[in-house]
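Enquirer: I would like the atomic coordinates for the input below:
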Amino acid sequence: MRRVRNEKKRKMKLKFNRQMYTKLAIVFWIIVLALFALCARITYLNVKKGDEYSIQVLEQQSFTSRTIPYKRGDIKDRNGNVLATSVMVYDLIVDSKVIMSDKDYLEPTVNALSRYFHLNREDMITAIRERKNNSYWVVLKELEYKEIQEFEKYLDYEYADSADEKKAVRNTKGVWFEKKYKRMYPYNTLACSVLGFANKDNSATVGIESSYGQFLRGVSGREYGYMDAENNMETVIKDAQNGQTVISSIDMNIQRIVQKSIKKYMKKYKPARIAVVISDPNTGEILAMGDDLTFNLNEPYSLKDYYSESEIEKMSQKKQSEKLNSIWNNFCITDSYEPGSTAKPFTVAGAYEEGKVNKKTTFVCDGFENVGGFHIRCHDVDGHGTLNVEQAVAYSCNDYMMYIGKLMGAKLFSQYQARFGFGTKTGIDLPNETRGLVYEGDEMGSSTLATNSFGQNFTVNMIQMTSAFSSLINGGYYYEPHVVKQIVTENGDLVKNYSKTLVKETVTKETSDFIKQCLRETVLSGTGTTAAIEGYTIGGKTGTAEKVDTSGKGKGRLNNQYILSFLGCVPCENPQLVCYTLMDTPKDNPQATAYNTELWTDIMKQVIPYMGIQKTEKIEKKAKNQSMKEEFYENGIIEGDDGSLVLKDKTE
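Expert: Residues are numbered from 1 along each chain as shown. Take a look at the predicted model:
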């Protein structure tokens, strides 16, 4: 009987514990959810109405708390020239509550404000009275120090000339200046799409200002003021931490040359667009980058350079935003297009690397090929005749490229497109880079392979082409392109170094040397002769690509609209500079490749001497003479003591 009672008690106790556990769990989760909701509400209020509530609190408490702004880090060019900086400015703050707390404060305070800041006296009196319970009224914004200097001098008793003036100074109350930093760009439009701009809240979505924001931003400080037991104001200051300095790879002087030439040739030939990239092929550093759409970094939201006031007024906010975004875009990385014949060196490089062709491989160009049911023409409809590989590049033969594409096959060709970085982002340290569109090997039909071989039916961006081309001419090394060299502290101490980053090897040195030979011949005797610069060994490749409709309206190829380009290097035997210029449909002659190469030479004739690149014409002649001597020696001919050529086996 006793056992039965004990068993019942044990079960009741067990049941009781389970019930309690369930109730406790419910209470626990209710508390957690309530705390979560409270945190969410506090966060919302802080973001949406933080400033408003802070002002209300400060009006009611016996201590003050002011934010000490940090200085956003500078952006400099590779030579230390400041391209973006922050300068201290001052907001004029009026505490109407303090001014109205004593009848003797209003008149002298308003008199001083109207005298030193040219404010209307009567309007100020009315406004202060209307805000009599307001302790924070921003009257003027972003004043420079020179604009407040005289007022601060006035508040110093030492400069008062009379007793009345001293009394007026003593009774000037409720006026103070709130410090903050304003972002300034000393050169206005220079490298605008590369630099980008920072808003007043230190946010940025464009350029270096965006991609390196984590280094440029600092941490705000704070000044606390409170009343001690003896009613004295005690101040505690937590200093701000300024942002770090970004050293870019951009050369301000080269950038100026580029932008000046773009403006010149936009006016001269009236194309739809012009864009230029200049880089160091041995490091991946971008020395200059720009296009025809520039904007004033100090007034980035202004459309007045492109539209009249009446046109702007008619635009909706959405339309204005679209227009601004199109201007802010960095064409060189955000826009894609068909590369045209500038892709031919890559086709040849892949085939040469794989042994599909060699220097002696010839092909007869008859002006066209029938591939996959399509009649695909060479630009020379009558045909180039028999060509070797070097001549095929120099004369830009589509027929020969289709032949190479067929030798490689879709799978191998696609692999080399990927190896050169087409269809993938380069990783450049700027936002909004596009990938471009390429076919995978199993998607590539015979006609697509044929057109891809000479640069049609796939798309690239300018930085992809520049980086891939650099690997072709520097021995086969593909370096990640970048626009920033270093991060340093405000005092110049190194924080981070962005040295050249080798991503992969695309081709062997042997292939690289052969491609440079083809590029040199293109300028000497082929389609790029107008890119020649006397005294220098220029190598490069022209491109003319018929534009494709990208509006989604299915128009296909656009009638009489062409992307003209030239991708070149100097000196060809040991490239130190790569320059890529692009011109979209010159108005009077849409296919005039010479217009674009003229732009290229105009830029490079200024950049080459600035960079200190020595003339190589004599070197080139010596190299040719040495080659001739080697050939003579192989045929039994040597140079005599007097410089004459004689047979090795004969002394007469």
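Enquirer: residue contacts, the closest residue to Ala240 other than its chain neighbours?
Expert: What sits nearest to Ala240 in space, not counting adjacent residues and going by C-beta to C-beta, 6 or more residues apart in numbering, is Gly221, at 3.5 Å. Using the backbone N, CA and C atoms, a C-beta is placed for each residue, glycine as well. Gly221 makes contacts with 67-70, 237-241, as judged by C-beta atoms under 8 Å, 6 or more residues apart in numbering.
Enquirer: among the residues you listed, which ones are buried?
Expert: 69-70, 240 (16 or more other C-beta atoms under 10 Å).
Enquirer: Using PDB, write out the CA atom coordinates for stretch 305-318.
Expert: Output of stretch 305-318 as PDB, limited to C-alpha atoms (Å, rounded to 0.1, in the frame of the first residue of the first chain):
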ATOM      1  CA  ASP A 305      27.200  70.300 -68.700                       C
ATOM      2  CA  TYR A 306      25.000  68.100 -70.800                       C
ATOM      3  CA  TYR A 307      21.500  69.500 -70.600                       C
ATOM      4  CA  SER A 308      19.900  73.000 -70.400                       C
ATOM      5  CA  GLU A 309      18.000  74.100 -67.400                       C
ATOM      6  CA  SER A 310      14.700  73.700 -69.200                       C
ATOM      7  CA  GLU A 311      15.600  70.100 -70.200                       C
ATOM      8  CA  ILE A 312      16.600  69.300 -66.600                       C
ATOM      9  CA  GLU A 313      13.300  70.700 -65.200                       C
ATOM     10  CA  LYS A 314      11.300  68.500 -67.600                       C
ATOM     11  CA  MET A 315      13.100  65.300 -66.400                       C
ATOM     12  CA  SER A 316      11.600  63.200 -63.600                       C
ATOM     13  CA  GLN A 317      13.800  62.300 -60.600                       C
ATOM     14  CA  LYS A 318      14.100  58.800 -62.000                       C
END
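Enquirer: From the rest of the structure, what touches it?
Expert: Residues contacting stretch 305-318 (C-beta under 8 Å, 6+ apart): 295-296, 303-304, 320, 323, 327.
Enquirer: Buried ones among those?
Expert: Looks like these have 295, 303, 323, 327 buried, using 16+ other C-beta under 10 Å.
Enquirer: The contacts of stretch 305-318: which two are farthest apart?
Expert: Greatest spatial distance in these: Asn296 and Gln320, 16.0 Å, computed using C-beta to C-beta.
Enquirer: Export the contacts of stretch 305-318 as JSON lines, with columns for distance to Lys541, secondary structure and pLDDT.
Expert: Shown next, in JSON lines, are these (distance: C-beta to C-beta, whole Å; DSSP: H, G, I helix; E, B strand; the rest coil; pLDDT from 0 to 100):
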{"residue": "Phe295", "distance to Lys541": "32", "secondary structure": "coil", "pLDDT": "97"}
{"residue": "Asn296", "distance to Lys541": "36", "secondary structure": "coil", "pLDDT": "97"}
{"residue": "Leu303", "distance to Lys541": "38", "secondary structure": "coil", "pLDDT": "96"}
{"residue": "Lys304", "distance to Lys541": "40", "secondary structure": "coil", "pLDDT": "94"}
{"residue": "Gln320", "distance to Lys541": "40", "secondary structure": "helix", "pLDDT": "95"}
{"residue": "Lys323", "distance to Lys541": "35", "secondary structure": "helix", "pLDDT": "95"}
{"residue": "Ile327", "distance to Lys541": "31", "secondary structure": "helix", "pLDDT": "96"}
